[in-house]
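Asker: from the sequence below, what's the structure:
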Amino acid sequence: QLQLEESGGGLVQEGGSLRLSCTASGRTSTSNIMGWFRQAPGKEREFVAAINWIGNTPNYADSVKGRFGVSKDYRKDTFYLQLDNLKPDDTAVYYCATSHSWSFQSAAYSHWGQGTQVTVSS
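Answerer: Got it, this is the predicted structure:
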């Protein structure tokens, strides 16, 4: 059973940075795409970024391009989301998830972490 655990959220001022981590344990070899989503209060969960576990082809939502970066560390079974130049609109619970194929839709992702809160103050 694949399990994901996020960490690294917190409270930051506008323009600040955070780095989120997602560590996978269990059957990590069954997942190809590692994705990040976020959900703000009263809004639907939305795609943020994703990267393939083998290779290095990241994809980003337009709203975060140029500000967020996704990366991975094979040795630690961990992938990261670097959040720079944060804005109040980035406030949300951030989730990592895995999928067998590329998708921007949350329904395509089968395993999810518990989420980590990111709050950006103005």
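Asker: which one is S17 nearest to, not counting chain neighbours?
Answerer: D84 (4.8 Å; CB to CB, 6 or more residues apart in numbering). Where C-beta positions appear, they are placed from N, C-alpha and C, glycine not excepted.
Asker: Q39 touches T91, doesn't it?
Answerer: No. Counting by CB atoms under 8 Å, Q39 stays clear of T91, with 10.6 Å between them.
Asker: tally of neighbours for T91?
Answerer: By the criterion of other CB atoms under 10 Å, T91 has 18 neighbours.
Asker: let me see the contact set for it.
Answerer: A40, V118, T119, V120 (CB atoms under 8 Å, 6 or more residues apart in numbering).
Asker: also C22?
Answerer: Contacts for C22 were tallied using CB under 8 Å, 6+ apart; they are L4, E5, E6, M34, W36, T78, F79, Y80, L81, C96, G113.
Asker: look up how far L86 lies from the third one.
Answerer: Think E6. Remark: distance between E6 and L86 (CB to CB, to the nearest Å) = 17 Å.
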